[in-house]
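# Quick one, structure for this:
(one chain, ligands or ions: 2)
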Amino acid sequence: MISVQEALHILQQQVVPLRRETATLEQAYGCYLSEDVHAPEPAPRFTSSAMDGFTVRWGDCCAATREQPVTLRIIGESQAGIPFSGLVEAGSAVRISTGAVVPDGADTVIRREDTRENGERVEILALGTIGQDVRRQGEEFQAGDLLLRRGSRLGARELALLAAFGICGIPVYVHPRVSLLITGTELARPEDVTIKPYQIRDSNSIMLTSAVKDVGAVLRSVIHVADNLADTIDGINQAVAADDAVILCSGGVSVGQHDHVKEAATAAGFSQLFWKIKQKPGKPLLACRRGDTLLFGLPGNPVSAYMCFSNYVRPVLAALQGTASVARSLTACSPQRVVNKGKRTNFIRVTVEERPNELAVIREMERQGSHMLSSIVDADGYIVLEPGEVLEENGLIEVFLF
Ligand SMILES: Nc1nc2c(c(=O)[nH]1)N[C@H]1C(S)=C(S)[C@@H](COP(=O)(O)OP(=O)(O)OC[C@H]3O[C@@H](n4cnc5c(N)ncnc54)[C@H](O)[C@@H]3O)O[C@H]1N2
Ligand code: MOO
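Ligands and ions are numbered 1, 2, ... in the order given. Below you'll find the predicted structure:
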């Protein structure tokens, strides 16, 4: 049995070439950038007004007050999408709307509220500084400036920035493809109303399907097999043939006579990276590699499967998309003393109460059984305690959030 650190180290050493592609704006949602992206043009694209009102030459009306307004001649309009083509000469003003081009000659915008219109003339009632309410070309970005770094996750805000620059062919890492192999003769589908008293419902399929999607990977197929060596080998071979980046097996990875995943992986040409980690839950986790495909044998117990996914598979799926991690951790305080009395590193599920301007508070879940889904559903994350380690009352510890 190896330690948690050794297992993580072995996985970090797995250099698998990252696949890249060019995505459209719609396809790129949730992807990670595979290159830095620079501004192809300045932003704003042109000098425009930030307000509805009039654009003027500051020198004409800098002395204007409500008591002694300055009157200017209205010579036209600059509308968003319909610019004014003339020149703003001394003594004149152009009506302007928010986002419209500031015409040549003008340098300042006066809000409509600070003017009084009178036919073809406008009285300027107040004026602040030169250049007020003008959005200058290139004030946010110059052509060539860095917009987004490689590894940035593309969500609503980032995609808006790319769209604003007309960047529609986006260099991204390909979402890794994953297939699931669910083993277990005792399993019934959740919707099966004829479930026998000695069967259990397959909850790992939907749990792992959803967890894979959460990380931004693509689930390609789910295969169900009974605890049978030939079918397990066949299931693994099907996933290999489809060139999936990761194969996740559920169950059949311990030492029972009906546990076939380890032998099946070897028969399908995989080499073992490790099997069995000194941890609770998830002791019998198996990791193998064949070419650029990684195979994980997750323990069948639902909590063990989920904890192994969170701690080992999720970082791998993140790394395959060019990002370090997709999980969040924080430092929290425990009002209770927590002890690991066992002989294995313990992933203790906890609730986390986050408080404004104070440290978060954790509480150990009472139920920690690896068959008890409530231990992950009602918890917010987990802490890691080594054998014999004590977290003292009011002690601080890092919590890994689900
Ligand atoms: N003699 C030993 N027995 C066991 C050991 C050991 O060291 N020596 N390790 C135990 C530990 S720890 C774990 S964890 C389990 C892992 O066993 P397997 O990976 O072989 O999983 P199964 O035996 O197939 O199933 C275990 C458990 O989980 C239920 N299960 C399986 N698949 C699903 C599913 N898709 N959805 C919901 N529940 C599932 C299954 O019915 C069993 O109850 O081994 C211990 N044994
Ligand atoms: O390690 Mo197993 O995951 O305790 O139940």
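
# what's the helix or strand for the residue of the stretch 251-400 of the chain found nearest ligand 1?
In the stretch 251-400 of the chain, the residue that lies nearest ligand 1 is Gly300 (2.5 Å; C-beta to the nearest ligand atom). All C-beta spots, glycine's among them, are computed from the backbone N, C-alpha and C. Gly300 is part of no helix or strand when elements are defined by DSSP states H and E.

# For it, grab the count of nearby residues.
27 (other C-beta atoms under 10 Å).

# And Ala217, by the same measure?
Ala217 has 23 neighbouring residues, counting by other C-beta under 10 Å.

# pLDDT score for it?
Looking at Ala217, its pLDDT reads 94.

# So which elements touch the helix or strand hosting Ile10?
Using DSSP H and E, Ile10 maps to helix 4-12. Contacts defined by 3 or more C-beta pairs under 8 Å, 6 or more residues apart in numbering; DSSP states H and E place helix 4-12 against strand 271-275, strand 286-290, helix 314-319.

# Output stretch 106-120 in PDB with nothing but the alpha carbons.
The C-alpha trace of stretch 106-120 is given here as PDB (Å, rounded to 0.1, in the frame of the first residue of the first chain):
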ATOM      1  CA  ALA A 106     -15.200  68.300 -30.100                       C
ATOM      2  CA  ASP A 107     -13.500  67.300 -26.900                       C
ATOM      3  CA  THR A 108     -16.100  67.300 -24.200                       C
ATOM      4  CA  VAL A 109     -19.700  66.000 -23.500                       C
ATOM      5  CA  ILE A 110     -22.300  67.900 -21.600                       C
ATOM      6  CA  ARG A 111     -25.200  65.800 -20.200                       C
ATOM      7  CA  ARG A 112     -28.600  66.700 -21.400                       C
ATOM      8  CA  GLU A 113     -29.600  67.700 -17.800                       C
ATOM      9  CA  ASP A 114     -27.000  70.500 -17.800                       C
ATOM     10  CA  THR A 115     -28.400  72.100 -21.000                       C
ATOM     11  CA  ARG A 116     -31.500  74.000 -22.100                       C
ATOM     12  CA  GLU A 117     -32.600  73.600 -25.700                       C
ATOM     13  CA  ASN A 118     -34.000  76.400 -27.600                       C
ATOM     14  CA  GLY A 119     -34.800  75.600 -31.300                       C
ATOM     15  CA  GLU A 120     -31.500  75.500 -33.200                       C
END
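
# Can you list the buried residues in that stretch?
106-112, 114-115 (16 or more other C-beta atoms under 10 Å).

# now it: mean pLDDT?
Across stretch 106-120, the per-residue pLDDT values average to 96.

# ok, back up a step: which strands border the helix or strand just after the helix holding Ile10, and is each parallel or antiparallel?
Going down the chain from helix 4-12, the next helix or strand is strand 20-23, by DSSP H and E. Its sheet considered, strand 20-23 pairs with strand 170-173 (antiparallel) by DSSP bridges.
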